[in-house]
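K.L.:
based on what follows, work out the 3D shape:
(chains A and B)
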Amino acid sequence: MAKTRRAILKAAGAISALAALPLPAQTPTPTPTPAPEKKPEGLAKLARERFGKFLTPDELARMDEDMAFVETRGGRLRGYKLANGEEPVVDFRVLRK
Amino acid sequence: MSEGGTHFFSPLRQLAAKVRAREVSPVALAEESLQRLDTHGRKLNAVVTLAGDDALAAAATAEREIRQGKYRGPLHGIPYGAKDLLATKKMPTTWGAAPYRNQQLAYDATVIRKLEDAGAVLTAKLAMVELAGGMGYNNADASFTGPGLNPWNTAYWSGGSSSGPGAAVAAGLVSFAIGSETVGSIITPAAFCGVTGLRPTYGRVSRHGAMALCWTLDKLGPLARGSDDCAIVLDAMSGKDPADPTTVDAPRPGATPSRRMRIGVLKGATDFVLPDVAKNFGESLAVLSRFADVSRDVALVDLPFGLVAGTIVDAEGGSAFLELIESGALRQLQAKSDRYGGYSSVMTPAVDYLHAMRLREKMRAPMEALFQRYDALAAPSRATVAVPIGIDFDKAYPELAKGRPANFASPIGALISVGNLVGWPAISLPNGFGPEGLPTGLHLLGGAFREADLAAIGREYQRRTDFHTRRPPGY
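P.N.:
Numbers count the residues shown, from 1 in each chain, chains lettered A, B, ... in the order given. Reported below is the predicted structural model:
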């Protein structure tokens, strides 16, 4: 791995996109009444259902950020248009040797 | 025994000549390596398991063979260390991670076997970032053996994920070490520790018996004092292996090209780097210009290298460690971010992975076109010197963020990412020092199976500089 996987992504400018996403816990409120916590959606919701039992509240929040990043990253990747015939790097062989 | 490990700071050919001439005993070398690993190595958190009696027995065999005139080559009787993701039947293989700290595999990795065939003596399994960093660590404290400490300044990290190999070579605990790289794990510790690291072309070295993080990106390669040392070790490690169908027969890496090398310097290579990194890189280019044609401002094709690499590592790493991740055993990992990082890996959509693999294929043709004009591309190995222990990576060196555009794509990161994505070889050469007495590195990316070009450039560079011969104080 590089120094960190997310460092690579940060180098690509990807983390800045993540930082722009609204995070409910950080939303300032004008009154002492806390704002209702935004429910996780999309991948974060699915991830909480699968793995939430293993995590502390702080870790859950961080996992939500990671999931939001996965969605942002996917969107950015899909922003690079590819023609129908542009195949992935695969090396499937009928025979192993 | 040499004065304070002097043998392990010698060029391999020099030490090998002494071993062959029976001026230096392989048993004495192994004893010295074991002793230094047990003292300095433990303090640096660089050691997982010492080979002990097995190393001494192997050294005794080497000594006997040499005495009988059965000399195997330049690695015969030379002590080395292996990153603890290489399977060894006589020692545990921990992958740097607490859930595997008692893992005992029943076979030797092909690389271990090849080095044994060459007569090299394995003296230790060396520390690494847990699971080679596959869970997305953000702090040096990411191994059950503790954070890898830098021999040049123990308040700083030795780099990762091949933390132990970098530190053990830098501190003269072994003559060379084997590390692995998925996206930067040889280049980074080599740069941070002031040693030479050679990442081979994907397919040149068998991955059989190496922990899989990312099947299409993982490579094994040497870290050693100098470029020539790395070429010698790589020669012994290389070759087609029936146990790893991705290996190929390729020209031997040691052959020296006769032509004048052409080196392209990445455009913006010193944007937003530490001043010493920029200064040392400039001086390196001046040295390179004395024996190679150096062209400036070479641009890479505009593709999202970091996004593609990250997506592939997430998807393949998530699959490789699915059982661990789904079991909840990530809780046992050392780094806080590793305790939840794997969950986003396994949630990477298949379409994103395939899109990344399609974009990866798109990188091949422009890179091949670029290498019609150049034999190597150059950039600093890292934008900074080593990261301080105890500070999250994303909070270290905040001064570099001043004025940096939000969409800044680091050419340094891009060169590491694209080099690994196309599977081409790279070398990191020590090229000076920066803040806190910490080393900096020069990164050169070579063409597919052209390790000989990199080794030749490295040899010429190191004939004209002495950074690779420097010894950290106290070692």
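
K.L.:
per-residue confidence at the residue in the stretch 201-350 of chain B that chain A sits nearest to?
P.N.:
In the stretch 201-350 of chain B, the residue that lies nearest chain A is residue B:306 (2.8 Å; Cβ to the nearest Cβ). In this view, the C-beta of every residue, glycine as well, is placed from N, C-alpha and C. The model reports residue B:306 with a pLDDT of 96.

K.L.:
tell me which element it is part of?
P.N.:
helix B:305-320 (DSSP states H and E).

K.L.:
need the next SSE after that helix, C-terminal direction.
P.N.:
Using DSSP H and E, the next helix or strand after helix B:305-320 towards the C-terminus is helix B:322-327.

K.L.:
in that following helix, which residues are buried?
P.N.:
For helix B:322-327, the neighbour count (16 or more other Cβ atoms under 10 Å in any protein chain shown) marks B:324, B:325 as buried.

K.L.:
give me the neighbour count for residue B:448.
P.N.:
Other residues near residue B:448 come to 18 when the count uses other Cβ atoms under 10 Å in any protein chain shown.

K.L.:
need phi/psi at it.
P.N.:
The phi/psi pair for residue B:448 (degrees, to the nearest 10) reads phi -50, psi 130.

K.L.:
I figured it hits residue B:422, correct?
P.N.:
Yes: with contacts defined as Cβ atoms under 8 Å, residue B:448 counts as touching residue B:422 at a distance of 7.5 Å.

K.L.:
quick check: neighbours shared by these two?
P.N.:
Residues touching both residue B:448 and residue B:422 (Cβ atoms under 8 Å, 6 or more residues apart in numbering or on different chains): there are none.

K.L.:
same for the helix holding residue B:306, what does it pack against?
P.N.:
In terms of contacts (3 or more Cβ pairs under 8 Å, 6 or more residues apart in numbering or on different chains; DSSP states H and E), helix B:305-320 is packed against helix A:5-11, helix A:14-19, helix A:57-78, helix B:338-346, helix B:350-373, helix B:411-422.

K.L.:
next helix or strand past the shortest one?
P.N.:
This means helix A:14-19. Taking DSSP H and E, what comes next after helix A:14-19 is helix A:42-51.

K.L.:
just want the angle from that next one to helix B:338-346.
P.N.:
Taking axes from the mean of the first three to the mean of the last three Cα atoms, to 10 degrees, one finds that helix A:42-51 is oriented at 120 degrees with respect to helix B:338-346.

K.L.:
what does the stretch 51-200 of chain B put close to chain A?
P.N.:
With Cβ under 8 Å from any Cβ of the partner chain as the criterion, the stretch 51-200 of chain B meets chain A at residues B:129, B:132-134, B:136-138, B:159-161, B:182-185, B:188.

K.L.:
which one of these has the most neighbours?
P.N.:
Of those, residue B:161 is surrounded by the most neighbours, 37 neighbours in total, counting by other Cβ under 10 Å.

K.L.:
so it makes contact with residue B:186?
P.N.:
No: look at residue B:161 against residue B:186 with Cβ under 8 Å: they stay out of range, at 9.2 Å.

K.L.:
overlap in contacts, these two.
P.N.:
residue B:180.

K.L.:
on that earlier part again, got the helices and strands packed on helix B:305-320 as a markdown table, with mean pLDDT columns?
P.N.:
Listed next are those as a markdown table, based on pLDDT from 0 to 100:
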| stretch | mean pLDDT |
| --- | --- |
| helix A:5-11 | 48 |
| helix A:14-19 | 33 |
| helix A:57-78 | 96 |
| helix B:338-346 | 97 |
| helix B:350-373 | 97 |
| helix B:411-422 | 98 |
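
K.L.:
now render the ones you listed as a markdown table, adding mean neighbour count.
P.N.:
Shown next, in a markdown table, are the helices and strands packed on helix B:305-320 (neighbours: other Cβ atoms under 10 Å in any protein chain shown):
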| stretch | mean neighbour count |
| --- | --- |
| helix A:5-11 | 26 |
| helix A:14-19 | 18 |
| helix A:57-78 | 19 |
| helix B:338-346 | 26 |
| helix B:350-373 | 17 |
| helix B:411-422 | 26 |
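
K.L.:
can you pull the contacts of the closest residue to residue B:261 other than its chain neighbours?
P.N.:
Among residues not flanking residue B:261 along the chain, residue B:292 sits closest, at 4.1 Å (Cβ to Cβ, 6 or more residues apart in numbering or on different chains). Applying Cβ under 8 Å, 6+ apart to residue B:292 gives the contacts B:260, B:261, B:262, B:263, B:457, B:460.

K.L.:
how about a cut-off of 7 Å?
P.N.:
By Cβ atoms under 7 Å, 6 or more residues apart in numbering or on different chains, residue B:292 lies in contact with B:260, B:261, B:262, B:263, B:457.

K.L.:
could you redo the residues you listed as JSON lines and give each row neighbour count and secondary structure?
P.N.:
Supplementary listing: the contacts of residue B:292 in JSON lines, determined by neighbours: other Cβ atoms under 10 Å in any protein chain shown; DSSP: H, G, I helix; E, B strand; the rest coil:
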{"residue": "B:260", "neighbour count": "9", "secondary structure": "coil"}
{"residue": "B:261", "neighbour count": "20", "secondary structure": "coil"}
{"residue": "B:262", "neighbour count": "16", "secondary structure": "strand"}
{"residue": "B:263", "neighbour count": "21", "secondary structure": "strand"}
{"residue": "B:457", "neighbour count": "25", "secondary structure": "helix"}
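
K.L.:
quick one: pLDDT of residue B:406?
P.N.:
89.

K.L.:
check the one 4 residues further on too.
P.N.:
Confidence at residue B:410, expressed as pLDDT, is 94.

K.L.:
with distance to residue A:93 added, can I get the helices and strands packed on helix B:305-320 in CSV?
P.N.:
Below are the helices and strands packed on helix B:305-320 laid out as CSV (distance: least, Cβ to Cβ, whole Å):
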stretch, distance to residue A:93
helix A:5-11, 29
helix A:14-19, 34
helix A:57-78, 27
helix B:338-346, 27
helix B:350-373, 16
helix B:411-422, 20
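
K.L.:
looking at the contacts of residue B:292, which is nearest residue B:196?
P.N.:
When the contacts of residue B:292 are compared for distance to residue B:196 (Cβ to Cβ), residue B:457 wins out at 11.6 Å.

K.L.:
pull the contacting residues for the nearest residue to that closest one once chain neighbours are set aside.
P.N.:
Excluding its sequence neighbours, the residue lying closest to residue B:457 (Cβ to Cβ, 6+ apart) is residue B:261, at 5.5 Å. By Cβ under 7 Å, 6+ apart, the residues touching residue B:261 are B:292, B:375, B:376, B:453, B:456, B:457.

K.L.:
tabulate those residues (CSV), appending secondary structure and distance to residue B:193.
P.N.:
Output for the contacts of residue B:261, formatted as CSV (DSSP: H, G, I helix; E, B strand; the rest coil; distance: Cβ to Cβ, whole Å):
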residue, secondary structure, distance to residue B:193
B:292, coil, 26
B:375, coil, 26
B:376, strand, 22
B:453, helix, 24
B:456, helix, 23
B:457, helix, 20
